[in-house]
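Asks: predicted structure and sequence below. I'll ask about it afterward.
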Amino acid sequence: MNTLYFGDNLNVLEKHIADESVDLVYLDPPFNSNRDHNVLFKEQSGHESPAQIKAFGDTWNWAGAMEAWERFYELCPNAKVIELMHGFHDAIGENDVMAYLVMMAPRLYQLHRVLKPTGSLYLHCDSTASGYLRLILDCLFSPKNFQNEIIWKRTSSHNDAKRRYGRVSDTIYYFTKSYDQFTFNVQYTAHSDAYLEKFYRFVEEGTGRRYSIGDLNSPHPRPNLTYDYKGYSPHANGWRISREKMEKLDAEGRLHFPTKPTGRIRLKRFLDEMPGTPVSNVWTDILPVQSQSKERLGYPTQKPISLLERIISTSSNPGDLVLDPFCGCGTAIVAAHKLDGQWIGVDITPIAVSLVQQRLFDSFGAIDIRHKSKSSLVDLPTFAVEGLPTDMAGARLLYEKDSIHKDFEMWAVGLVPAIPQEKKGADFGIDGVAYFQDNPKKPSKAVVQVKGGHVTAAQIRDLRGVMAREKAQLGFFITLEPPTQAMKNEAAAAGYYQPTSGVGRRVESIQIRTIEELLEGRMFDFPLYRTNVSFKEAERLQKEQGQGEFEL
């Protein structure tokens, strides 16, 4: 079963993924201390949202890594890696980079464990820590199982080229678990224009098909294959094919006849039947996700689906299991699903898991298996979600998991769904913002507040003030506990919102929903059905039946 996990990927790997069960691992972990590599959203204006869900906030901080370092022998019981990490510790000290390596090494150890003997791993990184990560992988996989260092040119220019060369590429390390038993389906790119002009300069009349010509002369004397054909004489060594084969090729239009009678008949090789140029380890033909691209969802670190399709097509076959332990916005998951593979995705932020669910629905119509019974479309593809609440008991457990309730609030915001926000105080901040399209000029705004404990009418009055401050048209209040009658009265006193465009129904300005109601499908009301535009709808995709090597 295709599965999304919410949680720390180290715990998920240890508890839920069996030894030697995965065919392909792709991971694109946070790797740059100067950027926030977490779920970073964009506002409707295109500017970065103040919401930065720092899921890995302590991975670049030695204080946050000290406990893991003290338990490193337990977390990563590989003698070579332990020795290497102590060397790193002695060489570079206790700093942010060392903290990152302490976080990554146990996860790479677990990923090596879950790979099948025929499996492959692709680690996507940049120059910040790539050299250290390569050595950890050498210890785990053995240097002989290092296959390639792939260089992906992710952009053509960069504004950091002032006192050094511009950083325009990422590194992808490709390792296999065994030396010679692994899946590798050769991929091809189109030939360059210069190559076509040089080698495919002939164009067939009538069809317009480009072709090159090949020799039909025998390399060695063959008297039994020395014959004239349609007035053309063979080479002194004879033809390399029989008359019967020559006639068959002629009937198929695969012979190139010279204009001079002294010339030689040659074989046509049509361009549209050739696979192209085998892909090398330098990838310049895959563009980053452009600002106007249909697949762009607003994540600054979003990778193009064509990049993941190349990796998955090369190192797996239909039905194989693909694992992405840092799945983020879910590109690897979507690519695996499109290519008819099985998949597992893990993310430490509940909002990310919620949005990957939405992306799977937008792209393929796939739904959480828990909602299958609620759907009239019984043939929809399904996947499982683990680690997020499905009922009130689970919601309460998530709320009680930590004292600041961050995961609970992000999960609840994801039920809207809305863009999570950094709260500016206990009572007057907002947990999320949702945008809805009720006029063609500018999206309107709804602010979201989440409360898990004791709730009062005063909180609804505070929400009215926040709406005024944020110039929001709607206020959504999510509560774990049932609202009081006084709260309902306070919400009703806020009146209704009617779109000024005249299109759409009027809805309550302040709406209260309990977690139980949201889980049962009673969502917030927008003026127009399906007008929540907080997140861009993913492009609709078609699953491909089969992938892999070209047949020549």
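Replies: Looks like it came in fine.
Asks: in this structure, which helix has the most residues?
Replies: Longest helix in the chain, counting residues (DSSP state H): helix 96-114.
Asks: pLDDT on the next helix or strand after that helix, on average?
Replies: Using DSSP states H and E, the helix or strand that follows helix 96-114 towards the C-terminus is strand 115-125. Averaging pLDDT along strand 115-125 gives 97.
Asks: could you do stretch 491-500 as well?
Replies: On average, stretch 491-500 scores 93.
Asks: CA atoms only: put it into PDB for me.
Replies: The C-alpha trace of stretch 491-500 is given here as PDB (Å, rounded to 0.1, in the frame of the first residue of the first chain):
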ATOM      1  CA  ALA A 491     -19.800  34.700  16.300                       C
ATOM      2  CA  ALA A 492     -23.400  35.400  15.200                       C
ATOM      3  CA  ALA A 493     -23.000  39.100  16.300                       C
ATOM      4  CA  ALA A 494     -20.200  39.500  13.700                       C
ATOM      5  CA  GLY A 495     -22.800  39.200  11.000                       C
ATOM      6  CA  TYR A 496     -22.400  38.000   7.400                       C
ATOM      7  CA  TYR A 497     -19.900  38.500   4.600                       C
ATOM      8  CA  GLN A 498     -21.400  39.100   1.100                       C
ATOM      9  CA  PRO A 499     -19.000  39.400  -1.800                       C
ATOM     10  CA  THR A 500     -18.900  42.900  -3.300                       C
END
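Asks: show me which residues of it are buried.
Replies: Within stretch 491-500, the residues scored as buried using 16 or more other Cβ atoms under 10 Å are 491, 494, 497, 499. The way it works is simple: take the backbone N, C-alpha and C, and place the C-beta from them, glycine included.
Asks: what's the closest non-adjacent residue to the first one?
Replies: In this structure, Ala491 finds its nearest non-sequential neighbour in Ile510, 4.2 Å apart by Cβ to Cβ, 6 or more residues apart in numbering.
Asks: so what pLDDT did the one you found get?
Replies: Looking at Ile510, the pLDDT reads 97.
Asks: quick one on the thing from earlier: next, the angle from the longest helix of the chain to strand 115-125.
Replies: Angle, helix 96-114 to strand 115-125, by axes from the mean of the first three to the mean of the last three Cα atoms, to 10 degrees: 150 degrees.
Asks: report the central residue of the protein.
Replies: By Cα atoms, centre = their mean, the chain has its centre lying nearest to Thr331, at 1.8 Å.
Asks: hmm, that residue is touching Thr301, no?
Replies: No - between Thr331 and Thr301 there is no contact under Cβ atoms under 8 Å: 9.9 Å.
Asks: show me what Gly432 is bridged to.
Replies: Pro420, Val448 (DSSP bridges).
Asks: and it, what does it touch?
Replies: The contact partners of Gly432, taken as Cβ atoms under 8 Å, 6 or more residues apart in numbering, are 413, 416, 418-421, 447-448, 450, 476.
Asks: separation between it and Asp462?
Replies: 16 Å (Cβ to Cβ, to the nearest Å).
Asks: also Ala65?
Replies: Going from Ala65 to Asp462 by Cβ to Cβ gives 38 Å.
Asks: higher neighbour count, the two?
Replies: The neighbour comparison of Ala65 against Asp462 (other Cβ atoms under 10 Å) goes to Ala65, with 22 against 17.
Asks: shouldn't that one be in contact with Ala99?
Replies: Yes - counting by Cβ under 8 Å, Ala65 does reach Ala99; the two are 3.7 Å apart.
Asks: which parts of this protein belong to which domain?
Replies: Here the domain parsing of the chain from automatic domain parsing is 3-54+115-187+279-386, 192-273, 418-519.
Asks: may I see those domains organised as CSV, with distance to Asn61 added?
Replies: Below are these laid out as CSV (distance: least, Cβ to Cβ, whole Å):
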stretch, distance to Asn61
domain 3-54+115-187+279-386, 10
domain 192-273, 47
domain 418-519, 18
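Asks: before we move on, the earlier item: which residues touch the residue nearest to Ala491?
Replies: Contacts for Ile510 were tallied using Cβ under 8 Å, 6+ apart; they are 460, 463-464, 467, 474-475, 477, 490-491, 494.
Asks: same thing but at 10 Å, please
Replies: 446-447, 460-461, 463-464, 467, 474-477, 487-488, 490-497 (Cβ atoms under 10 Å, 6 or more residues apart in numbering).
Asks: hey, what's it bridged with?
Replies: Ile510 has these beta-bridge partners by DSSP bridges: Gly475.
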